[in-house]
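> Just a sequence and a predicted model for now, questions to come.
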Amino acid sequence: PGAELARLYIAFPAAAGEPPKVLRRFAKVALDAGAARTVSFAPLAPSDLSVWSEVTHGWQLVGGEFGLLVGASSRDIRLRGTLRA
């Protein structure tokens, strides 16, 4: 028995100038040896898809296609998807 930490990363559109993967959600789940489990994350909010603007001194929603990446770490991505905002 042990635990796994599932992490949800957002990959912003290149024009946003953000890092390749930004951690937005995580969930720790207990697992028995060899077991699998479905993990759910809280819904994403507009602020999760926003970046800080030095021009307006506020958060601005970024438009475009985002990557959704789920894994045990940023180097161990096991699921991929996309989201258009």
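Received it, and whenever you're ready, just let me know what you need. Residues are numbered from 1 along each chain as shown.
> just the strands in the protein please.
When assigned using DSSP state E, the strands of the chain occupy the ranges 2-11, 22-31, 50-53, 58-61, 65-73, 76-84.
> export the last one as PDB, just CAs?
What follows is the C-alpha trace of strand 76-84 in PDB, where atoms were taken according to Å, rounded to 0.1, in the frame of the first residue of the first chain:
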ATOM      1  CA  ASP A  76       6.000  11.900 -15.700                       C
ATOM      2  CA  ILE A  77       2.900  13.000 -17.700                       C
ATOM      3  CA  ARG A  78       0.400  10.100 -18.200                       C
ATOM      4  CA  LEU A  79      -2.600  11.900 -19.700                       C
ATOM      5  CA  ARG A  80      -2.900  14.700 -22.200                       C
ATOM      6  CA  GLY A  81      -5.800  16.800 -23.500                       C
ATOM      7  CA  THR A  82      -6.600  20.200 -24.800                       C
ATOM      8  CA  LEU A  83      -8.900  23.100 -23.800                       C
ATOM      9  CA  ARG A  84      -9.900  26.100 -25.900                       C
END
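> distance between that strand and the chain's centre?
8 Å (C-alpha atoms, centre = their mean, to the nearest Å).
> Ok, stretch 69-82 next?
Averaging C-alpha positions (C-alpha atoms, centre = their mean) puts stretch 69-82 8 Å from its chain's average.
> try stretch 16-35
The answer for stretch 16-35 is 7 Å, by C-alpha atoms, centre = their mean.
> Name the residues of that stretch that come out as buried.
Of all the residues in stretch 16-35, those buried under the rule 16 or more other C-beta atoms under 10 Å are Ala16, Lys21, Val22, Arg24, Arg25. The way it works is simple: take the backbone N, C-alpha and C, and place the C-beta from them, glycine included.
> For the fourth one, give me its contacts.
This means Arg24. By C-beta atoms under 8 Å, 6 or more residues apart in numbering, the contact list for Arg24 reads Leu8, Tyr9, Ile10, Leu44, Asp48.
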